[in-house]
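**Student:** model the structure of this input:
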Amino acid sequence: MISKIRASGAKLFPGLAVAITIGFAASFLGEHYGAPTMLFALLLGMALRFLYENEPTTTGVDFAACEILRTGVALLGLRIAIGDVLAVGWSTLALMAIGIVSTILFGMALSRGMGLRSRFGALTGGAVAICGASAALALSAVLPDSKNKEQNTIFAVIGVTSLSTLAMIFYPIVSGTLEHSDMAAGLFLGGTIHDVAQVVGAGYSISEPAGDQATLVKLIRVAFLVPVVFVFALAFRRQSAPGTRPQVFPMFLIGFAACVLLNSYVPIVPEIKTFFVEASRFMLVTAIAAIGLKSNLKELVNVGFRPVLLMVFETLWLAGVILLGMEFFL
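**Tutor:** Reported below is the predicted structural model:
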């Protein structure tokens with residue numbers, strides 16, 4: 001038994017070491033230059049693709065892109081407490097649900113209209129609607145395996161991170177032009193910007209109350225990751241080849257729900273909670289570095305302009321739905 005563990009560890013170590021090293025480098029660059037860490041991890045991984053082509057690293061990189069990814073997604077649940085979700089009110093919850101569901105359906109329909117696969121529209125729509133790069137990684141984990149799956153995931157991560165950064169800059173200006181109160185500004189920013197970090201940056205650039213409200217609303221959207229991943233697993237299960245079909249209840253999704261319940265009802269020492277939340281973040285950075293290592297930049301360049309337009313339209317759709325809902329229903 002011990003010898004098997006050692007053998008497995010020796011097989012995984014070279015690739016894991018490469019992915020983790022890239023993760024540390026991306027984290028350093030993100031902290032010192034103020035740019036999205038996941039984007040740095042992805043670009044560094046793509047630049048070092050030749051390392052994945054060496055057989056000793058292949059197994060460890062594949063492990064990081066799959067198992068470490070799922071563990072990181074599961075630990076995201078420690079950011080959410082059921083009491084916080086309910087505290088925003090049923091009308092806000094309903095608006096977030098409408099925004100998320102309509103954006104995914106809009107993405108699927110528009111994707112087909114543009115001659116792309118509906119599952120690509122579902123992936124990008126889910127990334128835009130829920131929590132950016134983290135959602136793209138989680139949703140990709142339950143989509144059927146295909147030749148272009150990793151390429152599509154990489155494109156979704158790059159697109160949603162870039163658009164989220166632009167939204168962080170321009171959405172506070174939009175909110176100011178519309179003369180939103182601090183609470184309304186927080187609702188708009190938290191309900192529309194893709195990644196958590198950019199939501200925090202945009203919200204607190206207006207005021208502390210707006211930042212608090214934006215962060216809370218954003219975590220509500222993150223909470224929708226559980227039902228959406230479950231629906232994706234069911235909806236795309238029949239499209240998977242026999243023997244490769246994703247579980248209806250993926251273990252990482254069960255782990256995510258368990259972490260939410262744990263954070264909601266069990267007192268956790270703040271230092272321990274912070275450790276696991278940061279561990280989750282680093283696992284996702286490591287996973288996206290591994291996905292970058294597995295990617296082919298030439299194939300990504302050949303994707304064309306249609307997917308870019310798709311994600312822009314999905315972003316505008318979500319912003320429009322949230323603004324209309326705030327105007328007429330809240």
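**Student:** okay, CA-based contacts and neighbour counts for the rest of this
**Tutor:** Noted.
**Student:** separation between the residue nearest to Ala279 when sequence neighbours are not counted and Arg221?
**Tutor:** Nearest residue to Ala279, sequence neighbours excluded (CA to CA, 6 or more residues apart in numbering): Gly72, at 7.4 Å. Spatial separation of Gly72 from Arg221 under the definition CA to CA, to the nearest Å is 17 Å.
**Student:** over to Lys11?
**Tutor:** Relative to Arg221, Lys11 is positioned 38 Å away (criterion: CA to CA).
**Student:** do Gly211 as well
**Tutor:** Counting by CA to CA, the separation of Gly211 from Arg221 is 15 Å.
**Student:** could you do Ser264 as well?
**Tutor:** As judged by CA to CA, Ser264 and Arg221 stand 17 Å apart.
**Student:** the more surrounded of the two?
**Tutor:** For the pair Ser264 and Arg221, the greater number of neighbours falls to Arg221 (23 against 18), based on other CA atoms under 10 Å.
**Student:** just the element for the more buried one, please.
**Tutor:** Arg221 belongs to helix 208-223 when elements are defined using DSSP states H and E.
**Student:** list the contacts of that helix.
**Tutor:** Outside helix 208-223, the residues that touch it by CA atoms under 8 Å, 6 or more residues apart in numbering are 77, 79-80, 84-85, 88, 93, 96, 100, 129-131, 182-191, 196, 199-205.
**Student:** go again using 6 Å as the cut-off
**Tutor:** Val85, Ile130, Cys131, Asp182, Met183, Gly186, Leu187, Leu189, Gly190, Val200, Gly203, Tyr204 (CA atoms under 6 Å, 6 or more residues apart in numbering).
**Student:** ok, now which ones touch the third one?
**Tutor:** For Cys131, the contacting residues are His194, Asp195, Val222, taking CA under 6 Å, 6+ apart as the criterion.
**Student:** count of neighbours near the first one?
**Tutor:** Under the neighbour criterion other CA under 10 Å, His194 is assigned a count of 31.
**Student:** same question for the last one.
**Tutor:** A count of neighbours around Val222, defined by other CA under 10 Å, yields 22.
**Student:** likewise the one 10 residues further on?
**Tutor:** Other residues within reach of Phe232, judged by other CA under 10 Å, total 22.
**Student:** report pLDDT for it.
**Tutor:** Note for Phe232: predicted pLDDT of 87.
**Student:** where's it relative to Arg117, distance?
**Tutor:** Counting by CA to CA, the separation of Phe232 from Arg117 is 15 Å.
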